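# coords please:
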Amino acid sequence: MAVEYKFCPTCAQPLAWIEAGEDGGPKSRLRCAACGFTHWNNPTPVLAAVVECVDRGGRLLLARNAAWSGRMFALITGFMEAGETPEAGIAREVLEETSLTADAVHLIGVYDFQRMNQVIIAYHVQARGEIKLSPELAEYKLFAPGDTLCWPAGTGYALADWLRGRGIEPQFIDWSKPETPRP
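Next up, the predicted model:
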């Protein structure tokens with residue numbers, strides 16, 4: 001979700017929607033009339049992993065975030081840290097959240113997730129080791145790739161692209177049908 005700035009983080013004066021010239025022409029953004037600060041509201045890069053457990057028959061690990069209500073399982077995700085590459089960042093996130101060590105990291109693609117003002121950089125991570133979840137995750141499930149259900153947003157499209165790349169036609173959750181099983 002986008003940050004809702006009301007006051008300038010530089011001088012504490014109220015921000016207002018002010019139109020100003022930019023490279024593409026005039027653009028209205030939250031700006032400070034006192035010091036000139038502009039809240040650009042650029043999307044945040046988020047890393048995501050389709051985790052393939054190579055020592056568990058190539059099954060995919062999907063996890064449920066501890067903060068989520070319901071029983072939705074999804075990809076391992078996290079934020080890049082300053083000074084790391086996206087590849088190193090997703091290997092770190094997989095290790096931190098699951099205790100699995102990445103053997104290989106391959107880019108799947110980049111996905112728009114405007115609802116959260118994010119750009120998702122998704123990877124296929126081949127990993128191994130004993131699974132021990134961080135407190136961020138409540139539980140996990142292992143799936144044969146063909147048994148997964150994709151969700152029609154953000155990381156769900158990454159999973160679908162990964163499946164297609166392996167000759168598996170992805171099946172999507174139909175949110176309009178409450179009886180649709182969730183991954």
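
# ranges for the strands of the chain?
16-22, 25-31, 38-39, 44-53, 59-65, 76-79, 101-113, 118-128, 137-143, 149-150, 171-172 (DSSP state E).

# Just give the nearest non-adjacent residue to residue 95, would you?
Distances taken as Cβ to Cβ, 6 or more residues apart in numbering put residue 101 closest to residue 95, at 6.2 Å, once the chain neighbours are dropped. Heads up, the C-betas are built off the backbone N, CA and C, glycines and all.

# Got the domain ranges for this protein?
1-41, 44-172 (automatic domain parsing).

# could those go into TSV alongside mean neighbour count and mean pLDDT?
Below are those laid out as TSV (neighbours: other Cβ atoms under 10 Å; pLDDT from 0 to 100):
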stretch	mean neighbour count	mean pLDDT
domain 1-41	12	89
domain 44-172	17	96
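
# any idea how far the residue in the chain sticking out farthest from the centre lies from residue 176?
Most distant residue from the mean C-alpha position of the chain: residue 34, 36.2 Å away (Cα atoms, centre = their mean). The span separating residue 34 from residue 176 equals 49 Å under the rule Cβ to Cβ, to the nearest Å.

# In this structure, which helix is the longest?
Selection of the longest helix in the chain by residue count, based on DSSP state H, yields helix 86-98.

# Contacts for that helix next, please.
With contact meaning Cβ atoms under 8 Å, 6 or more residues apart in numbering, helix 86-98 is reached by 45, 47-49, 51, 61, 63, 76-81, 84, 100-102, 105, 107, 121, 123, 125, 127, 131-134, 136-137, 140.
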